[in-house]
Each structure stands twice: as C-alpha cells, then as structure tokens.
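A.B. asks: for reference, the sequence and a predicted model appear below.
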Amino acid sequence: MLTNRTYILEDEVDFLHNYYERLVVQEVFDQSERVQQGDRDFLADVACVALNRLPPRYIRHDVDMTFFMSPQDMVEIERKVTNAVTDALNYVESRERGENPKLPPVEVSLISTRADKPVKTPKAEPKEKSEATKPDKAAKGKNKK
C-alpha cells in the first residue's frame, strides 16, 4: 500500500528477517551451556557459522513461512538447524583451542515448500518424419495378405 509518509531505511529493513535466525539462536541456546550463562560473543560466532550453512529464507512474519509447510517440512527444517548448530559449535570451540577444523559438507538441496513454485520444463516438440523415414504406402500394402 502506498502512503505519503517518509521512509527511513533503517526502520524499513527491520520488518524483514531470515526465518532461520530465531530457530538457530534458540538451538544454540539449547545446546550450549556457555550461551545459557550469557556468553553473547560465543552465541554470535556460533549462530553466524550455523546460519551460513543454511539457505536464506527472508520473510516478514514467521507465520508466512509456516503456513505453507507440512509437518514433514517442519521436521526436516528442525533436523537441518540442529545439525548446522552442532557443526558450528564444534567448529567454533575447535578454533578457540587453536585447531584448524573443517566443517562437514553442507547439504545443498533443502526441502521445497509449497510456497516454492515448481520449475516448468519446456515440452519437447515431436520431430517431423523426413520423407526418407516415412513409411511407404506401397510397402505396407505388400505386407498385408
């Protein structure tokens, strides 16, 4: 809806967020005693690593995303968030110990929700038979008895 009010960019960006941010922060809190004790820097480090391992899903309201998801989609997202946070915790803690850890490969294909539009593939048009490959009417008549 268009209005005559003046827009301030900082105010306008605040209504968008990545769907995974809240899920990841909650999962980091659930998995990490350090975060539960108030280590905000550790929370930020782990959350950033985990979020970079998940696809961006920007939305205005969480209900916009969950409305289009099946229960199976929700379970799959929860599993992927848990795995991303576990990997991120191990990675950040290893770096703090001075190790040079490697993160496991990221699963590239994530679930598709009903909100995703299917990709339409063009139908192949039938090739016309050339004169050389068309059946000869005279030959057909010879085969009939």
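C.D. replies: Great, that's in hand.
A.B. asks: longest helix in the protein, please.
C.D. replies: helix 71-96 (DSSP state H).
A.B. asks: got the buried residues for it?
C.D. replies: The neighbour-count check on helix 71-96 (16 or more other Cβ atoms under 10 Å) flags 73, 77, 80-89, 91-93 as buried. For glycine as for every other residue, the C-beta is placed from the backbone atoms N, C-alpha and C.
A.B. asks: in the chain, what spans have low per-residue confidence?
C.D. replies: 1-5, 7, 9-14, 108-145 (pLDDT under 70).
A.B. asks: the helices in it, which residues?
C.D. replies: Along the chain, counting by DSSP H, helices occupy 9-13, 19-31, 33-36, 40-51, 62-66, 71-96, 137-143.
A.B. asks: circling back to that earlier point, what angle sits between the longest helix of the chain and helix 40-51?
C.D. replies: 130 degrees (axes from the mean of the first three to the mean of the last three Cα atoms, to 10 degrees).
A.B. asks: can we start the residue count at 38 from this point?
C.D. replies: Shifting the count to begin at 38 puts that one at helix 108-133.
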